[in-house]
Structure formats: C-alpha cells, structure tokens
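Engineer: 3D model of this:
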Amino acid sequence: MKTIILAAGYATRLYPLTKNFPKPLLKVGGKPILDWLIEDIGDRSEEFLVVTNHKFAKHFEDWAKTRKEKITVIDDGTETNETRLGAVRDIRLALAGDQDYLVMAGDNVLDFSLVPFIDYAVSKGTSCVMCHEENDLAKQQRTAIITLDENGKITSYEEKPKVPKGNLAVPPFYYYKANDIKRIDEALSDGCGYDAPGSFAAWLSKKITMHAWRMTGSRHDIGDMASYEAVRDSYQGPNRDFSLTIQ
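Structural biologist: Reported below is the predicted structural model:
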C-alpha cells in the first residue's frame, strides 16, 4: 500500500498565516500536521506521495528531508487558488504501479488511529471510506452522505445532498483497491467532479461494491483560524489503543 496525501490547496481562509506557507505543515501539538499523520500510519505504507502545488513544493521538499520515511513530493504545477487542478486530478498525478492506495487530506488531525481503518479495508477486500454521524442538516448539505446495510456495504452515496437520505458523513480519507483507483480517467470522462476528493469515491460506489468504516473518535478539520487555534496547543495525537476499534 502507498499513501497519497492531498496538499495542493492554498488555504486562503487562513491568510495571512498560510499566504506563503502550506497549511499541512502548520504545527499542532508541537509538530507539523503531516508528521502526526505519517507517524500514525508508519510502515503500513511503503511510500508517502505528497501532492502539492508549485508555490509550496519547496516547503514540502525541505520537510521531507527531515523524515526517515520514503516521501515523494509531487508538484502539480499550479501557482494560484484559481488555477488549482482539483483533488481528483491531483490523485491521478500520484498514481504509478499496481498497488492499493490510502488517500487522505493533509490538513486534518485525528484523535484515533488510521491503522484499524486500513485493516478494515484489507479484511473487506474492497475499496472503503470512513464515516461518522452528522446530525446537523446544514453540515450534511455541505458534505458527502452515505447509507449502509447491516454489513457496512454502501447503499447510497451523495455529495452535498439537499435532502440527505441518512446521517453518515464521509471525511476525506479513502482506501482504494488497485483495480478501482485505476478508473479515475474513466470517472473524469464520465463527468465525475474533480475539485472535491470525495467525488471519485461517490462515482466509484455506483460501479462496484464498497464498504465504510465508522470512525472511533473525532476529526479536526483545520479550515480557518478558529479551527486551527482550537487544536494548535491542545492536540496530543491519535489514540492507538486498537482494542477500542473493533467493528
């Protein structure tokens, strides 16, 4: 398995903090956001592929030199928020070889480990997403909402539904089987959205069997100054007591 970390955004809502510095390298709990994510996954991933933009590529290259893991920084060539490629196109840039991929946003911190999610996907033998309960209608309408059967199989998947069919929201963490992620070009040709990372998962769920793993803790999406300040000094990393994650 390889891991694709999406880090090509321009984080305009965090200006001036991120005007000349990438959000995924902001420090929370004393170290960069990406350090927390890759240290949690560890050797479960043979390589970490960080897809960024041209403006911030040097920052990530310098950061990668401080890490012991195999990290490849991929420059998507864009320099402004207006010319960004979009998350699905950035995923496509990172694909090489025939293996499964964990795909995730680089600006989230979690108080639970991603390892049980990886194990869940491997045990199911299908591409998988994570999910959590979201009971605020306004928030449901701004995210992806899925429904599941009793075995965790996805039965519907909608991006930003006006009338949600359920209350299970999908955060930007996905596990794709090798044969499934190869279908990105097919998806884009078929009209799949390319800006939001979940657009590909939504398209794919209508073609194949997919499952969802229920998150065992909280996710902190660092989108603006308030959400950053809420975790900057208090975050202590993911809970790695895997006995609490059996589903």
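Engineer: C-alpha only now, for contacts and for neighbours.
Structural biologist: Will do.
Engineer: For the residue positioned nearest the centre of the chain, which non-adjacent residue is closest in space?
Structural biologist: For the chain, the residue nearest the mean C-alpha position is Met104 (2.0 Å; CA atoms, centre = their mean). Excluding the flanking residues, the one nearest Met104 by CA to CA, 6 or more residues apart in numbering is Phe173, at 4.4 Å.
Engineer: if we can go back for a sec, surely the residue nearest to the centre of the chain meets Ile4?
Structural biologist: Yes - applying CA atoms under 8 Å, one finds Met104 in contact with Ile4, separated by 6.4 Å.
Engineer: Can you give the strand pairings for the one helix or strand the residue nearest to the centre of the chain maps to, parallel or anti for each?
Structural biologist: Using DSSP states H and E, Met104 falls within strand 101-105. Strand 101-105 has the following strand partners under DSSP bridges: strand 2-7 (parallel), strand 173-176 (antiparallel).
Engineer: My guess is Ile71 contacts Val51. True?
Structural biologist: No - if you go by CA under 8 Å, Ile71 and Val51 don't touch, sitting 10.6 Å apart.
Engineer: Among the two, which residue is more densely surrounded?
Structural biologist: Using other CA atoms under 10 Å as the criterion, Ile71 and Val51 rank with Val51 on top: 26 against 19.
Engineer: so the more buried one sits in a helix?
Structural biologist: No - secondary structure of Val51 (DSSP: H, G, I helix; E, B strand; the rest coil): strand, not part of a helix.
Engineer: so where is the chain shaky, pLDDT-wise?
Structural biologist: The chain contains residues with pLDDT under 70 at 241-247.
Engineer: again, only using 50
Structural biologist: 246 (pLDDT under 50).
Engineer: Which parts of the protein are strands?
Structural biologist: Counting by DSSP state E, the chain has strands at residues 2-7, 27-28, 31-32, 48-52, 71-75, 101-105, 108-110, 127-133, 144-148, 154-159, 168-170, 173-176, 210-214, 219-221.
Engineer: Tabulate these (a markdown table), appending distance to Leu204.
Structural biologist: Conversion of the strands of the chain to a markdown table gives the following (distance: least, CA to CA, whole Å):
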| stretch | distance to Leu204 |
| --- | --- |
| strand 2-7 | 18 |
| strand 27-28 | 34 |
| strand 31-32 | 32 |
| strand 48-52 | 22 |
| strand 71-75 | 24 |
| strand 101-105 | 14 |
| strand 108-110 | 24 |
| strand 127-133 | 9 |
| strand 144-148 | 13 |
| strand 154-159 | 10 |
| strand 168-170 | 14 |
| strand 173-176 | 10 |
| strand 210-214 | 8 |
| strand 219-221 | 24 |
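Engineer: Now stretch 25-33: buried residues?
Structural biologist: If you call a residue buried by 16 or more other CA atoms under 10 Å, then stretch 25-33 has these buried ones: 25-28, 32-33.
Engineer: got it, and stretch 201-221?
Structural biologist: If you call a residue buried by 16+ other CA under 10 Å, then stretch 201-221 has these buried ones: 201-205, 210-216, 221.
Engineer: Please name the bridge partners of Asn239.
Structural biologist: Phe112.
Engineer: OK, contacts around it?
Structural biologist: 111-113 (CA atoms under 8 Å, 6 or more residues apart in numbering).
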